[in-house]
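>>> Fold the stuff below for me.
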Amino acid sequence: MARPEEERYTDLLRHLAAPSVRDPAGLADSLREVERLHSMGHITAGQLQDAREAYAATIERDPEQGAPRSPETRVDEK
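Residues are numbered from 1 along each chain as shown. So this is what the prediction gives:
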């Protein structure tokens, strides 16, 4: 039996807010899945925004969870 969309969203939101392992690609995939749920009308715009904010907070807290940065954007890190 398939899991309800709201339950999937809750699990994805938890993962975005507090990933158990460092997996930038998996974290980005989770955000894409939330965006897909929103595009299909299964979750609200507010829920999508909450997921984006959770993702951003995770990246801010642990920058290595984010996508690789180009050399041009890393100039300020030296």
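
>>> Nearest residue to Leu31 in space, please, no chain neighbours.
Tyr55 (5.0 Å; Cβ to Cβ, 6 or more residues apart in numbering). The C-beta positions use only the backbone N, C-alpha and C, and glycine is treated the same way.

>>> Now do the one you found, the pLDDT please.
Per-residue confidence for Tyr55 comes out at a pLDDT of 96.

>>> Likewise for Lys78?
On the pLDDT scale, Lys78 gets 51.

>>> do the same with Glu35
97.

>>> Next, the buried residues of the helix or strand containing it.
Assigned by DSSP states H and E, Glu35 belongs to helix 24-39. Across helix 24-39, burial judged by 16 or more other Cβ atoms under 10 Å covers 24, 27-28, 30-31, 33-34, 37-38.

>>> ok, and what's touching the helix or strand bottoming out on mean pLDDT in the chain?
Among the helices and strands of the chain, helix 5-17 carries the lowest confidence by mean pLDDT, DSSP states H and E, at a mean of 93. Where contact means Cβ atoms under 8 Å, 6 or more residues apart in numbering, the residues beyond helix 5-17 that reach it are 26-27, 30-31, 33-34, 37, 42-43, 47, 50-51, 54-55, 57-58.

>>> In contact with Glu64, which residues?
Counted by Cβ under 8 Å, 6+ apart, Glu64 has contacts 22, 24.

>>> quick one: it from Val21, how far?
11 Å (Cβ to Cβ, to the nearest Å).

>>> Was I right to think Glu35 contacts Gln49?
No - assessed by Cβ atoms under 8 Å, Glu35 is found out of contact with Gln49, at 11.1 Å.

>>> just to revisit the earlier point, can you tell me which residues contact the residue nearest to Leu31?
Taking Cβ under 8 Å, 6+ apart as the test, what Tyr55 contacts is 16, 27, 30-31.
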